[in-house]
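Colleague: Sharing a model that was predicted from the sequence below.
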Amino acid sequence: MDKITVSMLSGCDIGYPDDDNSTPQGTDFKKMIEAGAQFCIIRAGQNVGKDPDWDSNYQGAGAAGMLRGAYWVLDYRKPVTPQIETCLSVLRACPVEIPVWLDVEYVSRWGAGGCTGRDGDKVYLVV
């Protein structure tokens, strides 16, 4: 049997809630790399809206040489299908190098095999 090697990577997640509007220059991804970060999971949006900082974070992380992933915040109070369609639309225009994450924070709605949204759709990790 072949030996499997596991490596640790350093990275972060970022989205508009992390951005202080008193710092108009935005996030310094080069400083993040200098500090050892190799990837960034970027908030792409929530519900049916794109994150207001998605474009600048996506471009900044890529320009700095970071691997980019994305996460989408699912709003459990809204139908699931339009949220996933919006997420996929955003990501088709800006492909990422590492997996996409679906952020589901209302855990009491989790059931076997996924989260049931208000419209009855099952939700799984978006890839």
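Modeller: On my side now, so go ahead. Just so we're clear, the structure is a prediction, and the values are computed from it rather than from any experiment.

Colleague: roughly how far apart are the residue lying closest to Tyr71 once chain neighbours are set aside and Ser7?
Modeller: For Tyr71, the nearest residue in space outside its immediate sequence neighbours is Trp101; the separation is 4.0 Å by CB to CB, 6 or more residues apart in numbering. From N, CA and C alone the C-beta is placed, and that goes for glycine too. As defined by CB to CB, to the nearest Å, Trp101 lies at a distance of 20 Å from Ser7.

Colleague: These two: which has the busier surroundings?
Modeller: Summary of the neighbour comparison: Trp101 and Ser7, criterion other CB atoms under 10 Å, with Trp101 having more neighbours (18 against 5).

Colleague: from what I can see the residue nearest to Tyr71 touches Cys87, true?
Modeller: No. With contacts defined as CB atoms under 8 Å, Trp101 does not count as touching Cys87, sitting 10.5 Å away.

Colleague: in the longest helix anywhere in the chain, what counts as buried?
Modeller: Taking DSSP state H as the criterion, the chain has its longest helix at helix 80-93. Neighbour counts using 16 or more other CB atoms under 10 Å place Val80, Gln83, Ile84, Thr86, Cys87, Val90, Leu91 of helix 80-93 among the buried residues.

Colleague: I'd say the last one and Ile42 touch.
Modeller: What that stands for is Leu91. No. Counting by CB under 8 Å, Leu91 does not reach Ile42; the two are 10.4 Å apart.

Colleague: Okay, now the unreliable bits of this structure?
Modeller: Within the chain, the stretches with pLDDT under 70 are 1-6, 17-24, 105-127.

Colleague: Run through the helices of it in chain order.
Modeller: Using DSSP H, the helices assigned to the chain run over residues 29-34, 54-64, 80-93.
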